[in-house]
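**Q** when you get a sec, could you give me coordinates for this:
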Amino acid sequence: MFFVKTLQDTLPLHPSYFGAHARQYITDLLYTRNEGRNTGVMIILAIIDIDDISEPKIIPGTGMAEYNVSYRAIIWRPYKGEVVDGLVSNVVGTGFFVDVGGLNVFVSKAMIPTELKYTVEGSTPSFTDNIDQTIERGSQVRLRIKGIRGEMGQMYAIGSIREDFLGVLMQ
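**A** Okay, the predicted model is just below:
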């Protein structure tokens, strides 16, 4: 789900940037370091505005300054039970992987309807019912998130297409 959230970050500034444009350097560094960043819990999509940039504190022994910055950002945080659309990135015999933004979702064979069978025709592995549904690399699918795990800079999830209105999106 998408949210607007107030976040904070501590940014270092090298002494060579001290001067009249120090705040501009801090602003540029904030945007560069944080926009598009995956924290393992959420993805920071865009910084809306900067609420406060603190007075600098000198870091002992380095001569660098440290700024505490408070800002508002649009974030995306996936939740268990949320229905999302994604692109199939890989199909294997045990299921398939779907990219949903910065979230990597695995849909196991147990979470795929029984009428979809794994086949390898030619060099393209896929799940198909041999009528109108085929899940292969590049297919768009709609799935429900069943569980989420986050690590530093990465998010992983388990998904299901074994419910009504989920599965391959017809084009």
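
**Q** now the farthest one out in the protein, which residue is it?
**A** Outermost residue of the chain with respect to the C-alpha centroid, by C-alpha atoms, centre = their mean, is residue 61; its distance is 37.2 Å.

**Q** checking it next. Helix, strand or coil?
**A** With DSSP: H, G, I helix; E, B strand; the rest coil as the basis, residue 61 sits in coil.

**Q** where in this protein is pLDDT low?
**A** 171 (pLDDT under 70).

**Q** repeat that for 90
**A** By pLDDT under 90, the weakly predicted segments of the chain are 1, 15-20, 22, 40, 61-63, 101-102, 120-124, 128-133, 150-154, 169-171.

**Q** now the helices for it?
**A** 22-34 (DSSP state H).

**Q** residues in contact with the residue nearest to the spatial centre of the chain?
**A** Closest residue to the average C-alpha location of the chain: residue 102 at 2.5 Å, with C-alpha atoms, centre = their mean. Neighbouring residues of residue 102 by C-beta atoms under 8 Å, 6 or more residues apart in numbering: 38, 43, 76, 155. The C-beta positions use only the backbone N, C-alpha and C, and glycine is treated the same way.

**Q** for residue 158, see how far away the third one is.
**A** Counting by C-beta to C-beta, to the nearest Å, the separation of residue 76 from residue 158 is 18 Å.

**Q** ok, residue 141 next?
**A** 14 Å.

**Q** so those two - more neighbours on which side?
**A** More crowded of residue 141 and residue 158, by other C-beta atoms under 10 Å: residue 141, with 21 against 17.

**Q** ok, now which ones touch the more buried one?
**A** So residue 141 contacts 85-88, 98, 107, 135, 161, 166-169 (C-beta under 8 Å, 6+ apart).
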